[in-house]
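In: need the 3D shape of this:
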Amino acid sequence: MISENRVPFIILKEGTRRTYGREAQLNNIRVAKIIAEAMKTSLGPRGMDKMLVDRLGNVIVTNDGATIMKLINAKHPVAKILVEAALSQDAEVGDGTTSVVVLLGELLAKAEELIRKDVHPVTIIDGYKKAISKAIEVLDKISVPVSLSDKNILKKVAKTAMAAKLVSHEADYLAEIAVNSVMEIAENDGKTWNVDLDNIKIEKKVGSYIGDSFIVKGVVLDKEVAHPDMPRSITHATIALLDGAFEIRKAELNAKLYLENAQQYKQFLEEREEVIQGMVNKLAEIGVNVLFCRMRIDEKAEHFMARKGIMAVKRVKRSDLEKIAKATGARIVGRPEEISKEDLGKAKLVEERRIGGEDKLIFIEGCENPKAISVLIRGATKEVTDEVERSLIDALSAVKNIFIENKIIAGGGAPEMEIALALRDYARSLSGKEQLAVEKFADALESIPAQLAESCGLDPIEAVVTLRAMHSRGEVWAGVDVSNGKLVHDMYSINVLEPLVVKKHVLKTAVEGAIMILKIDDIVIASSVAEREDLEAEKKEE
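Out: You can find the predicted model right below:
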């Protein structure tokens, strides 16, 4: 730092690094462009896969944007902003993460062109804000309302969400599972729909093939019965849920018991056994024949439960207890002595089954009007079941988004091309340099169909200019049919359908991220961080 009389003085701690002004802005844009460029090739059904190795050495092969961004060990603050933007998109709507990163990078790349022509970042930001408002307006205008009872449309939306995944050959079957699952748990309060995907438990078991995956109208647990003498199957189950251990409660005070001889010790054990037997008898008296317990079950209690014909499962996760409660209508109780008839739930069948050789699972089925369900995923390898899970989550999210806003649009870059056309017309109505920013926004949007075209072997420039001509003739849904590697006049007619809410969120998230980065003109990196980065750089040079 230099004072007014040109005498240098120190404000920042020694070793601290500072970048400011245009240099900081261009550096930030450069980082964003690098990440966007890496993600770009994963866009669309023909997108390339990435092989990722985590810190434990586990290898993951996927083109799922959220998975890739989660595993990026970002250090640069701008890179972290892109990761957060992608994960925000995934958390909110469950899809569109790759599109967010690619579009954010393109918006910044176009902004860089204007900055180098001395257009102030504030002017670019104002132009982008006007452009996003117009873009949302266009999306609302071209979107198509759908009926939530139309399972055929919902399946098409779910299939589109899985088109880019490794399991696309089983998309029909998985789409059916996704639609039926969401319809089972969707609740309407008379005004709006509520779809909580946490009420769908996904369990994976290696073995068989994807087509053997199925829905359970209840809950599946990766557990087994607590005692070998307990029943393995209970029909007309009456279920108790315990959020703790089934054992004699320890004294709150640090009490000690002194026993003088073996007879007293024997008497102590007999009385303890009587207490435990009484606890089990109480369960049997109120009709409990299945117990799910979050913690341990006393060994004697297991023995008495087996004699009473009670099935017990221990070490059940709290989240699973909550799902069982929603499925069966049971209430979770804190202590064994507090369990009453009013706390019990019902299911037609609770059964331990062997799945995939030696593995055992507990099935809670036949629940009346369940508020939680399960999907059991099968696949030849762990990698396959993991990819099926990611694909199914995308499909579930897509169907859920239709319930949030029951409107859809076509995919294949058609909405981006239509918005770009409208923005260029809109830009001509603006005076000043904001017009340039709106035009650059339109250019950035066209990067999506350009990349889709490139990923299926088409010339991206030729594809974009051809699509421009189609849209200027009023062909709103003209886009890139990536599956067949050609441009089509109507993406809607070939059933490439997406929820409107996803596209809106992609645009808003990308613009918000771009604006945040454009507003940064000063970066100060603390000395410890700077020193560590310098040390790492020196090691690489060695």
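In: CA atoms only: put stretch 459-468 into CSV for me.
Out: In CSV, the C-alpha atoms belonging to stretch 459-468 read as follows (Å, rounded to 0.1, in the frame of the first residue of the first chain):
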residue,chain,number,x,y,z
ASP,A,459,-20.8,-29.3,-36.4
PRO,A,460,-21.8,-27.0,-33.5
ILE,A,461,-21.6,-23.7,-35.5
GLU,A,462,-23.7,-25.1,-38.4
ALA,A,463,-26.2,-26.6,-35.9
VAL,A,464,-26.7,-23.3,-34.1
VAL,A,465,-27.2,-21.2,-37.3
THR,A,466,-29.6,-23.8,-38.6
LEU,A,467,-31.6,-23.8,-35.3
ARG,A,468,-31.6,-20.0,-35.4
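In: run through who's touching that stretch.
Out: 413, 417, 420-421, 446, 449-451, 453-454, 478-480, 487 (C-beta atoms under 8 Å, 6 or more residues apart in numbering). Using the backbone N, CA and C atoms, a C-beta is placed for each residue, glycine as well.
In: what mean pLDDT does that stretch get?
Out: Stretch 459-468 shows a mean pLDDT of 94.
In: repeat for stretch 97-108
Out: Mean predicted lDDT for stretch 97-108 stands at 91.
In: Met183: how many residues sit nearby?
Out: 15 (other C-beta atoms under 10 Å).
In: likewise for Ala38?
Out: 14.
In: buried set for the host helix or strand of it?
Out: Per DSSP states H and E, Ala38 falls inside helix 21-40. Neighbour-count burial for helix 21-40, counted by 16 or more other C-beta atoms under 10 Å, picks out Ala24, Gln25, Asn28, Ile29, Val31, Ala32, Lys33, Ile35, Ala36, Met39, Lys40.
In: thinking again about what came up before, most neighbours of all the contacts of stretch 459-468, which one?
Out: Val480 (34 neighbours).
In: could you point out which element follows the helix or strand hosting that one?
Out: Val480 is part of strand 479-481, with elements assigned from DSSP H and E. Helices and strands here follow DSSP H and E; after strand 479-481, the next one along the chain is strand 486-488.
In: how's this protein carved up into domains?
Out: 18-144+409-530, 219-369 (automatic domain parsing).
In: from the chain's centre, how far out does the first one sit?
Out: In this case it means domain 18-144+409-530. Domain 18-144+409-530 sits 20 Å away from the centroid of its parent chain (C-alpha atoms, centre = their mean, to the nearest Å).
In: now the shortest one
Out: Average the C-alpha atoms of domain 219-369, do the same for its chain, and the two points are 33 Å apart (C-alpha atoms, centre = their mean).
In: low pLDDT regions in this structure?
Out: 1-21, 164-168, 250-261, 264-266, 268-269, 522-542 (pLDDT under 70).
In: circling back: now, among the buried residues of helix 21-40, which is nearest to Asp90?
Out: Met39 (13.2 Å; C-beta to C-beta).
In: surely the closest one meets Asn63?
Out: No: using C-beta atoms under 8 Å, Met39 makes no contact with Asn63, being 9.5 Å away.
In: which neighbours do these two have in common?
Out: Thr98.
In: and Ala131, how many neighbours?
Out: Neighbours of Ala131 (other C-beta under 10 Å): 29.
In: how much space is there between the closest residue to it other than its chain neighbours and Ala395?
Out: Using C-beta to C-beta, 6 or more residues apart in numbering and skipping the chain neighbours, the partner closest in space to Ala131 is Phe441 (3.8 Å). The gap separating Phe441 from Ala395 is 31 Å, by C-beta to C-beta, to the nearest Å.
In: SS state for Asp198?
Out: The local conformation at Asp198, judged by DSSP: H, G, I helix; E, B strand; the rest coil, is helix.
In: same question, Ile515
Out: helix.
In: residues contacting it?
Out: Taking C-beta under 8 Å, 6+ apart, one finds Ile125, Tyr128, Lys129 in contact with Ile515.
In: scan these and report the most crowded one.
Out: Tyr128 (25 neighbours).
In: pretty sure that residue sits against Met516.
Out: No: counting by C-beta under 8 Å, Tyr128 stays clear of Met516, with 11.3 Å between them.
In: ok but the residue nearest to Ala131 is inside a helix, no?
Out: Yes: with three-state DSSP as the criterion, Phe441 is assigned to a helix.
In: what's around it, how many residues?
Out: 32.
In: wait, it touches Asp126, no?
Out: No: at 11.5 Å, Phe441 does not count as touching Asp126 under the criterion of C-beta under 8 Å.
In: in helices only, show me the contacts of Ile515.
Out: Ile125, Tyr128, Lys129 (DSSP state H).
In: tell me the one of these nearest Ala86?
Out: Closest approach to Ala86 among those (C-beta to C-beta): Tyr128, at 18.9 Å.
In: re earlier: what's the strand holding Val480 packed up against?
Out: Applying 3 or more C-beta pairs under 8 Å, 6 or more residues apart in numbering; DSSP states H and E, one finds that strand 479-481 makes contact with helix 447-455, helix 460-472, strand 486-488.
In: got these as CSV, with distance to Ser147 columns?
Out: Shown next, in CSV, are the helices and strands packed on strand 479-481 (distance: least, C-beta to C-beta, whole Å):
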stretch, distance to Ser147
helix 447-455, 29
helix 460-472, 28
strand 486-488, 25
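In: can you tell me which of those is most buried?
Out: Ranked by average neighbour count under the criterion mean count of other C-beta atoms under 10 Å, these are headed by helix 447-455 at a mean of 25.
In: show me what it is packed against.
Out: Using 3+ C-beta pairs under 8 Å, 6+ apart, helix 447-455 sits against helix 97-115, helix 414-427, helix 460-472, strand 479-481.
In: the shortest one pairs with which strands, parallel or anti?
Out: When you say that, I think you mean strand 479-481. strand 486-488 (antiparallel) (DSSP bridges).
In: who touches the strand it pairs with?
Out: Residues outside strand 486-488 that contact it (C-beta under 8 Å, 6+ apart) are Gly412, Ala453, Leu458, Ala463, Thr466, Leu467, Met470, Ala478, Gly479, Val480, Asp481, Ile494.
In: what's the closest non-adjacent residue to the second one?
Out: Here the nearest residue to Ala453 in space, its sequence neighbours aside, is Ala463; by C-beta to C-beta, 6+ apart that works out to 3.5 Å.
In: got TSV for the contacts of Ile515, with distance to Leu114 too?
Out: Formatted as TSV, the contacts of Ile515 follow (distance: C-beta to C-beta, whole Å):
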residue	distance to Leu114
Ile125	11
Tyr128	11
Lys129	15
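In: with distance to Phe403 added, can I get the helices and strands packed on helix 447-455 in JSON lines?
Out: Shown next, in JSON lines, are these (distance: least, C-beta to C-beta, whole Å):
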{"stretch": "helix 97-115", "distance to Phe403": "21"}
{"stretch": "helix 414-427", "distance to Phe403": "20"}
{"stretch": "helix 460-472", "distance to Phe403": "30"}
{"stretch": "strand 479-481", "distance to Phe403": "25"}
